[in-house]
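Chemist: 3D, please:
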Amino acid sequence: MGRRDKANQLTPSEAERKIASIIKDGTIELSIHCKRDSMPKRHVTYPDITYLLDTGHIIREGKWDEDYEQWKYIVEGRDLDGDDLSAVTVIFDETFSLLIVTVY
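Modeler: The predicted structure follows:
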């Protein structure tokens with residue numbers, strides 16, 4: 001982990017494929033900020049997030065996140081009610097997991 005991984009940026013389509021694999025066989029974690037702040041504020045549930053991750057798309061290139069020392073990707077789409085929803089997502093290859101940093 002760390003600066004040496006900064007070169008391992010995924011393209012949006014590669015990130016989508018990695019997220020799909022992690023949804024199937026890995027784990028999804030929610031940041032404290034996501035659970036306590038952004039989800040209640042937007043009335044977003046865990047099933048809304050998994051639906052978004054399964055059906056949404058990554059439109060833009062990833063951005064380096066200094067806090068997590070990983071690339072973060074924004075998954076954009078809709079929730080189960082059809083409302084627009086985006087999730088800032090960090091992919092951790094080492095643990096085959098996703099961290100949802102925030103939703104909006």
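Chemist: assign the most centrally placed residue in the chain to helix, strand or coil.
Modeler: Of all residues in the chain, the one closest to the mean position by CA atoms, centre = their mean is Thr89, 2.1 Å from it. Three-state assignment for Thr89 (DSSP: H, G, I helix; E, B strand; the rest coil): strand.
Chemist: ok, now Ser21?
Modeler: helix.
Chemist: which other helices and strands contact the least confident helix or strand in the chain by mean pLDDT?
Modeler: When each helix and strand of the chain is scored by mean pLDDT, DSSP states H and E, strand 63-65 comes last, with a mean of 93. When contacts are defined as 3 or more CB pairs under 8 Å, 6 or more residues apart in numbering; DSSP states H and E, strand 63-65 packs onto strand 70-78. All C-beta atoms are positioned from the backbone trio N, CA, C, and that covers glycine.
Chemist: how about 10 Å then?
Modeler: strand 70-78, strand 84-92 (3 or more CB pairs under 10 Å, 6 or more residues apart in numbering; DSSP states H and E).
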